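S.K.: Sharing a sequence plus its predicted fold:
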Amino acid sequence: MAKARLTVIGDSFVEGRGDPRPDGTYGGWVPRFAELFGISRNSYLNLGTFDATTQDVVAGQLGVALVNKAPLIGFVAGVNDLVRDYDAARFRNNLETIFTTLSGPDTVMFTATYADIPRNLPLPDTFRQLLRARFAEANECLRAVAGYTGALCVDVAVAHEWTDPAMWSADGLHPSPAGHRRFAEETAELISFATGMTVLNGSPSFAGVGSGPLSY
């Protein structure tokens, strides 16, 4: 593999579930996002893994992301923490470990808050409210950690379009192809605005990325 220009770590949202290909693999937002910035397939690494928690990312993906570290790194995971044995302190510690390890003056790191997935699922009202409280707490934590480590954050949690059923696959947990496409575009727009990376008719400019400090 050539020197990585993009590495993305996380769970099945990163893997691309909800956007199946005819060969049984998944497309998802990562290849779409890479294409928007002219990053070829052999120049990005998608480490997204089905069922991964933030602890799994720390234990199994973080070290890989540090090898041949890319100037552009994405992280999206946490829903599996929230729907299982959620521990707020452990969750925050994992986020802090991930963001402080990967952030740096030569790196643009990005993430996203958690959409209101509980509203998509056939759950008892009491459990739905419990999950929504967890999601809200986790989003506040993620925003805070991303903020003080300088990571960019796509605030999916407050974006009205993510309440549209068309954005979600039949399981209610993973984006549909349209949702993956939308997330790729939203993320590219934020990064372009914050860093000066631009996409113009498929011809991107990477001025400043990987060549010095970037501010947001």
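M.R.: Everything's here; your move. Small disclaimer: the values here were computed from a predicted structure and weren't measured.

S.K.: From Leu95, how far out is the most centrally placed residue in the chain?
M.R.: Residue closest to the average C-alpha location in the chain (C-alpha atoms, centre = their mean): Val76, at 3.0 Å. Look at Val76 and Leu95: by C-beta to C-beta, to the nearest Å, they are 12 Å apart. For glycine as for every other residue, the C-beta is placed from the backbone atoms N, C-alpha and C.

S.K.: before we move on, back to that, what's across from the residue nearest to the centre of the chain in the sheet?
M.R.: The partner list for Val76 in beta bridges (DSSP bridges) reads Gly10.

S.K.: Just confirm Asp19 contacts Gly28, I think it does.
M.R.: Yes - applying C-beta atoms under 8 Å, one finds Asp19 in contact with Gly28, separated by 5.0 Å.

S.K.: Identify the contacts common to these two.
M.R.: By C-beta atoms under 8 Å, 6 or more residues apart in numbering, Asp19 and Gly28 have these common neighbours: Pro175, His180.

S.K.: Quick check: which ranges of this protein have low pLDDT?
M.R.: The chain contains residues with pLDDT under 70 at 1-2, 200-216.

S.K.: can we see that at 50?
M.R.: Residues of the chain meeting the criterion pLDDT under 50: 200-201, 203-216.

S.K.: how about the helices of the protein, start to end?
M.R.: Along the chain, the segments classed as helices by DSSP state H run 12-15, 29-36, 54-60, 62-66, 79-82, 88-102, 125-149, 177-195.

S.K.: From the contact counts, what lies against the third one?
M.R.: Identification of packing neighbours for helix 54-60 by 3 or more C-beta pairs under 8 Å, 6 or more residues apart in numbering; DSSP states H and E yields helix 88-102.

S.K.: name the helices or strands packed onto the helix it packs on?
M.R.: Against helix 88-102 (3+ C-beta pairs under 8 Å, 6+ apart) you get helix 54-60, helix 62-66, strand 72-76, helix 79-82, strand 108-112, helix 125-149.

S.K.: Would you tell me which one of the ones you listed is buried the most?
M.R.: strand 72-76 (a mean of 27; mean count of other C-beta atoms under 10 Å).
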